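In: Could you work out the structure for the sequence below:
(chains A and B)
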Amino acid sequence: MKQTTKLLSSLFVAVLFAGSAFAESRTWTDSKGRQVTASFIGLDGENIILQTADGATHKFPLTNLSAEDQALAKTMKPSGQPVMLANATVAQAAQSVDRLVAAGLVRANPERVKGGKKPITGFNPMANDEQFVRRVYLDIVGRIPNHAETTQFLQDSNPNKRAKLIDMLIDSPGYNSHTFNYFAEMLRVKDRLEQDNLRGVPYINWMQDQIAKNRPWNEMVYDMLTASGKMWHNGAAGYLLRDAGMPLDNLANTLAVFLGTDVACAQCHDHPFSDWTQHQFYEMASFFGATTTNMRVAQARKKGKESPGMMNAMNDLMPKIEELVTKSGMDIKRIRNGIQNYMGANRAIVGDMDKNSLKLPHDYKYPDAKPGDMVEPKFIMWSKSDKSLPAYKQKVKEPTELRTAFAKWTTEPSNPRFAMAIANRMWKRAFGQGISEPVTNIDDPKQSANPELLVHLAEEMKRVKFDIKSFMRIIYNTRAYQSEATSEKIAMGEPYYFQGPLLRRMTAEQAWDSYMTLVLGDPDKYTKPLEDLYSRSIDLDLSNPKLDAQTVLVKYDAYRKMAEKERALMGGGLADAGEDMMMEGSKKAKGKADTAPAAGMMENASRSYNGMVLRRAAELEQPAPNGHFLIDFGQSPRSLIDGSIKTGSVPQVLMMMNGKAQEMLTSPDSLIFRTMEKVKSPPEKVETLFLSVLSRRPTLSEKDIAKRALSGGDDGYANMIWALINTREFIFIQ
Amino acid sequence: MKTELNRLNEISRRELMLRTAKTALGVSLLPAGSPLLRAAEAASKSGPGTPGFGKAKHVIYLWMGGGMTHIDTWDPKDGPTKGPTDPIKANAGSGNMDRLGGTMEKMAKVANKFSIIRSMSSKTGVHESGTYIMKTGYEPRGTIVHPAMGAWASHFLGRIKGVTLPDSVVVNSGSSYPGNGFFPTTMSPIPIASPEAGLQNIRPSAGVSDSQFQKRLSLTDEFDTSFRKKFQSEEVKSYSEFYDETIKLMKSEDLKAFDLSQEPAAVREKFGRSNFGQGALLARRLVQSGVRFVEVQFGGWDMHNTIDTALGNTAATMDSVFATLIEDLVSNGLFESTMIVMGSEFGRTPDINENDGRDHYPLAYSTVLAGGGVKGGFVYGSTDKEGRRVADKQVTPQDFLATIGHGMGLPVDEVVMSPSNRPFTVGDKGVPVIDIFA
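Out: Numbering: from 1, shown residues only, chains lettered A, B, ... in the order given. Coordinates of the predicted model:
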């Protein structure tokens, strides 16, 4: 390949597009006379690679082209865009990425100098092993390495140890946990859905299972967009049920998250900045115009059984249920809501009707259509040539096929934004900033910090067939990623060129999971109960004409019991967490802090401390209840896309200094103390503490400081743990 | 940050703004709602000496999360869009407030103490952006976070007590977002997740003496020196500021304000034992100690399904807590200096949907204001017969925020540059509703 390139470029000097990945385009004609406008990227064996205006590259046999164009292609100079062979090694792939990052750094210099900054001469210096081991654990498995893991890596003399560690971490359970946190935040995954009668548990379990199987991203998204039925029969249905009753919001989020396209404004009016019109938004919404999240009601309405007769079995059965309950001597007021919610949850069914009922809103004000008009489904395009892409060749015969067509268009590799959006996001995960920001709106890839890199990463995402693990493996193996964190100030909105990762504050989940590492050593051993009691007990077939009040009550009773059992197994981490904490608070004030942990830590398979369940964030309620460490630290409430908060707050700092989690770490029963007991001399103990908390050895002056601190009395080690946890160095990832 | 304009005396400044707009650019040629015209209008209406300006030394913002149905609460209708309850008469005294939604039983009795804006209208029917706009006046952007009202007040009026008491507090939320926006993190409200629990972890752990705590703090500083020297980013610095502030707060006398157990049991019962009731009581305690801006959140308004059952508890709680808060502020002599406002991200559809609920509806909805110089028994603006459109005197979220800003005595027309050098004003050039002030 390399040889061919060299040979070709010496044959013909085409200077038209030197230096830019966005080469000049021309019209190509194939042997059947069809035409496409695209620029020439290069030849790969018997294949030609062309790039369309949207940045997507297309590879096909050269012989498909007209004889004239075949001849021309053989004389053209390939563009600077690297072309990866399907079976390129990770090292080769990482090198290609590095070359593009390096080129971007050089290109950025004139602008930097204008802004009064020093030119960048290359990547930041290579991060040392101590920095690397901490960063790569936090980035891949979402927690700091424990003492043994750190020392093992530092002592390893294998020159390939970094690549080895990356491989090991990517295939460990911690990867699943951390990756779930990312997607749960992005997709606003919740246990308690806005409709208070439905829970997201089956959707959460589905997503965790998909991640554990490393299901390709395009397949996961396809499943979420096309799933039908109740959530506990098909967890992927949770994606649409998450936003039941808000189909337009759901669509805006779908476009923002999966396609990096922000059209939320066009929901109500023409987009003020981009070209999206309100009409286009409704054309997209039309693909969901036959979809309902309330299938039974929709069907019944169609048959002419208007409410209230239909409003469902609920209305028919409720009076009888109330009668039964009252007869048994119970207070119906106390359980009426519960029964209604239980039955109501069973109405949440995703399905597709045979009629598209999407209309323009009543306040539609543009001249191209009238309020209330029906809207024909139509895919948005980012450039005029998009319509010739395979993604756009979707046939819809029946309204019931609309949603599937949308899902196919979205996840087709030739969709101009699908691969790019996820690639840009995954890049941001590693570097702290996307190549195009914000990641929910890649308006014009050419305006991004490094357009060639962005296009290349999108192509890489397709090459690895949307296998997120493979993609991340490439990124973590780049020289750019393995550089020291950038310490210069980057103002908000200022472009960043990736001379190394940015300094990032730990996410709430990384902070909590790191605490869990300090307490438990290997926190992945402690998982939530495997049995999904909710899915097992919630189902009720409301369409069964024989359903009677007695049956509903019996099943509801079983459901209630399961819910209680679940609460016990989850360690009371749900609604009652707040009260629990208050009780602990008063107990704490009276008793001695050091006797509680030993007993508390051994309660059940999941350990707990003073009412806190000691499990990783992904194994707790989604999101955690108010007042939890995770919430104080800024875990997303899961209402906004990527809604977590990375800044400090007074409650957060109070928690870091005086909270239960802190108390747990500094108690003599904690793992960190026990690890320290394994060595004898104070200097060794100090080194153990530094390696456990900061993943590095203390410096000479720090050893002196420690020595002085220890001379003050027995609490010296607890004081040191406290001090190290409360450093900025602990909560920032460098 | 003061511009030349602000140094002129207030009256001449306002005249100047209007004249400039009229003569230099020709007001008749400016489209209605043009930013310059609106800025001039805002300047002409607000400022020292105008009705209500600066009377609200404190604000309690009762936030109704989920989208509060306007027809079932503040803007009742008869006919096809009427909800599950019949409208009731409001005891509005000499004011023009006729009726309230049937669920507002206690508020109807104190109707002479508050005003309603029935002509709110916004553009977004999405929870997140609707909330953001109602709290900041701006649409959410990927490149900047805009400040909420508490932070605007801190910016213009200064910190109240420095660091021993926060200027603003958000109750019933784990986060204060959007909080301080682009202003310094020290202006960020303190979130109180549960009013019962108050400010958590305010004392050092049991068994840790003050001197030991000091020892720990200085150890942290010593161990962290080289890191802080290497990474002098804003993020790292603001963390250090939070530590400094928090340590001072831990020693503060004012902390009692956060402790509901200091209230008599009877008062606590009166507010009701819900988080919203106790949150409102906490807000009063905080205001009493000097906190300037308290937001109390209450959810459950997203009633897409079976609104008749959904409405019952939620509306009754809101009604009772709001009325109790008014009475409590009056009896504590705080009503004149404290403005209570109630807002929500949007209203709900006049038409009942297929699930017997109401959906999101930004085109027409209501907000409520009370105390702090606001008239009683007064209704501003109106919707049409079925509550579908604003019929008279449309008020945008921007105008609503400018009204609060005006009440607090903020210069709503003053342009403030963000660190990224973009211009912003309180309520994005909204025009205060002066009519609502006595």
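
In: can you give me the helices for chain B?
Out: B:4-7, B:10-19, B:35-45, B:105-109, B:127-136, B:149-157, B:210-230, B:234-250, B:265-271, B:275-289, B:307-331, B:397-408 (DSSP state H).

In: In the stretch 201-350 of chain A, where is pLDDT below threshold?
Out: A:264-275, A:303-313 (pLDDT under 70).

In: distance of the residue of it found nearest chain B from A:Ala348?
Out: Here the stretch 201-350 of chain A gets closest to chain B at one residue, A:Gly245, 3.8 Å apart by C-beta to the nearest C-beta. C-beta: built from backbone N, CA, C; applies to glycine. Separation of A:Gly245 from A:Ala348 (C-beta to C-beta, to the nearest Å) stands at 10 Å.

In: if I pick A:Met295, what's in contact with it?
Out: A:Ser228, A:Ile349, A:Val350, A:Gly351 (C-beta atoms under 8 Å, 6 or more residues apart in numbering or on different chains).

In: oh, I was asking about A:Ala485
Out: By C-beta under 8 Å, 6+ apart, A:Ala485 lies in contact with A:Asn124, A:Ala127, A:Gln131, A:Arg135, A:Gly500, A:Pro501, A:Leu502, A:Leu503, A:Ile733, A:Gln734, B:Phe231.

In: how about it, phi and psi?
Out: Here is the backbone geometry of A:Ala485 (degrees, to the nearest 10): phi -70, psi 150.

In: Once you drop chain neighbours, what's closest to it?
Out: Of all residues not flanking A:Ala485 in the chain, A:Gln734 sits nearest, at 4.0 Å (C-beta to C-beta, 6 or more residues apart in numbering or on different chains).

In: same deal with A:Gly434?
Out: Closest to A:Gly434 by C-beta to C-beta, 6+ apart is A:Lys428, at 4.0 Å.

In: ok, now how distant is that neighbour from chain B?
Out: According to C-beta to the nearest C-beta, to the nearest Å, A:Lys428 stands 12 Å off from chain B.

In: ok, back up a step: wait, what's in contact with the residue nearest to A:Ala485?
Out: By C-beta under 8 Å, 6+ apart, the neighbours of A:Gln734 are A:Ala127, A:Gln131, A:Arg134, A:Arg135, A:Glu484, A:Ala485, A:Leu503, B:Phe231.

In: tell me how far stretch A:233-241 is from the chain's mean position?
Out: Centre-to-centre, stretch A:233-241 and its host chain are 17 Å apart (C-alpha atoms, centre = their mean, to the nearest Å).

In: Kindly report the same for stretch A:187-197.
Out: For stretch A:187-197, the distance to the chain centre is 17 Å (C-alpha atoms, centre = their mean).

In: contact partners of that stretch?
Out: The contact list for stretch A:187-197, computed with C-beta under 8 Å, 6+ apart, reads A:183, A:199-201, A:203-204, A:207, A:238-239, A:241-242, A:244-245, A:253, A:257, A:340-342, A:344-345, A:348, A:621-623, A:636, A:638-641, A:643, B:66, B:300, B:302, B:304-305.

In: if you set the cut-off to 6 Å instead, what comes out?
Out: By C-beta atoms under 6 Å, 6 or more residues apart in numbering or on different chains, the surrounding residues in contact with stretch A:187-197 are A:Arg199, A:Gly200, A:Ile204, A:Asn341, A:Gly344, A:Ala345, A:Glu621, A:Gln622, A:Arg638, B:Asp302.

In: How about stretch A:173-183?
Out: Contact with stretch A:173-183 is made by A:Ile140, A:Val141, A:Gly142, A:Gln208, A:Ile211, A:Ala212, A:Glu509, A:Asp524, A:Arg616, A:Ala618, as judged by C-beta under 6 Å, 6+ apart.

In: ok, now stretch B:92-111?
Out: For stretch B:92-111, using C-beta under 6 Å, 6+ apart, the contacting residues are B:72-73, B:76, B:85-91, B:112, B:315, B:319-320, B:322-323, B:326, B:377-379.

In: filter the residues you listed to the buried ones?
Out: B:72-73, B:76, B:85, B:87-88, B:90-91, B:112, B:315, B:319-320, B:322-323, B:326, B:377-379 (16 or more other C-beta atoms under 10 Å in any protein chain shown).

In: show me which of the residues you listed neighbour chain A.
Out: For chain A, no contacts are drawn from those by C-beta under 6 Å from any C-beta of the partner chain.

In: Could you identify which of the helices of chain B is most buried?
Out: With neighbours defined as mean count of other C-beta atoms under 10 Å in any protein chain shown, these peak in mean count at helix B:397-408, which reaches a mean of 28.

In: In contact with whichever residue of the stretch 1-150 of chain A sits closest to chain B, which residues?
Out: At 11.3 Å from chain B, A:Gln131 is the closest residue in the stretch 1-150 of chain A, using C-beta to the nearest C-beta. A:Gln131 is in contact with A:Gln734, counting by C-beta under 6 Å, 6+ apart.

In: That'll do, ta.
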